[in-house]
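Asks: Give me the fold of what follows.
(one chain, ligands or ions: 1)
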Amino acid sequence: MQMKQQLFDLFQAQIRNELESAYKYLGMAAYFETTPFKGFASWMRLQAKEEIEHATKFFDYVHDRGHHLQLPAIQAVATEYASPLEAFCEALAHEQLVTRLINGMYRVAIEVEDYAAQILLQWYIAEQVEEETQAQDFIDRLEMADGDVSSLLIIDKSAGKRSS
Ligand code: OFO
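Replies: Residues are numbered from 1 along each chain as shown. So this is what the prediction gives:
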């Protein structure tokens, strides 16, 4: 059963948004690759992969609902940041934006009484809590480090332990 056009348009746009997230994280990985912080680089690469999975989950869903997709262009992203803290602040701001977008989709799914879409979106709503928490956690630790190189390297090492 197809979604109402208003909801489908949002799903279609969100596939691009999730891919834009992946591209943003890859841009951050590119920045970290130019620094000694290879743990952060690895973390960002894994996050980019996770965003592709988010996009793919939407991609599969819209096909399950019988739609034909269009895939618009993805914008260029930054590959330079002033510091690890700036990169993670950008990551948090981006995740907060994605949370607003997902919540907006959920609101429309309720309005058009699309119960199936609501169930899918609940997964993303829960996921966004995790996405914001992990970015905030790095910000808190980086702020505490206050530019101290040894502390930064310890945080970088812990970031490098992330597995997929
Ligand atoms: Fe797809 O959660 Fe981040 O952006």
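
Asks: close to the ligand, is stretch 33-43?
Replies: No - Stretch 33-43 lies out of reach of the ligand by CB under 6 Å from any ligand atom, never closer than 13.1 Å. No exception for glycine: its C-beta is placed from N, CA and C like everyone else's.

Asks: What is the neighbour count of Ala30?
Replies: Using other CB atoms under 10 Å, Ala30 is surrounded by 16 other residues.

Asks: just checking, it touches Tyr81?
Replies: No - judged on CB atoms under 8 Å, Ala30 makes no contact with Tyr81 at a distance of 10.0 Å.

Asks: Run through the neighbouring helices and strands of the lengthiest helix in the chain.
Replies: Taking DSSP state H as the criterion, the chain has its longest helix at helix 115-145. Judged by 3 or more CB pairs under 8 Å, 6 or more residues apart in numbering; DSSP states H and E, helix 115-145 is in contact with helix 38-64, helix 84-111, helix 149-160.

Asks: wait, doesn't Phe40 sit right on Pro84?
Replies: Yes - counting by CB under 8 Å, Phe40 does reach Pro84; the two are 5.8 Å apart.

Asks: Buried residues, stretch 2-10. List them.
Replies: 3, 7-8, 10 (16 or more other CB atoms under 10 Å).

Asks: What of stretch 150-164?
Replies: Buried-residue list, stretch 150-164, by 16+ other CB under 10 Å: 152, 155-156, 159.

Asks: Spit out the contact partners of the closest residue to Gly66 other than its chain neighbours.
Replies: Excluding the flanking residues, the one nearest Gly66 by CB to CB, 6 or more residues apart in numbering is Gln2, at 5.0 Å. For Gln2, the contacting residues are 8, 65-67, by CB atoms under 8 Å, 6 or more residues apart in numbering.
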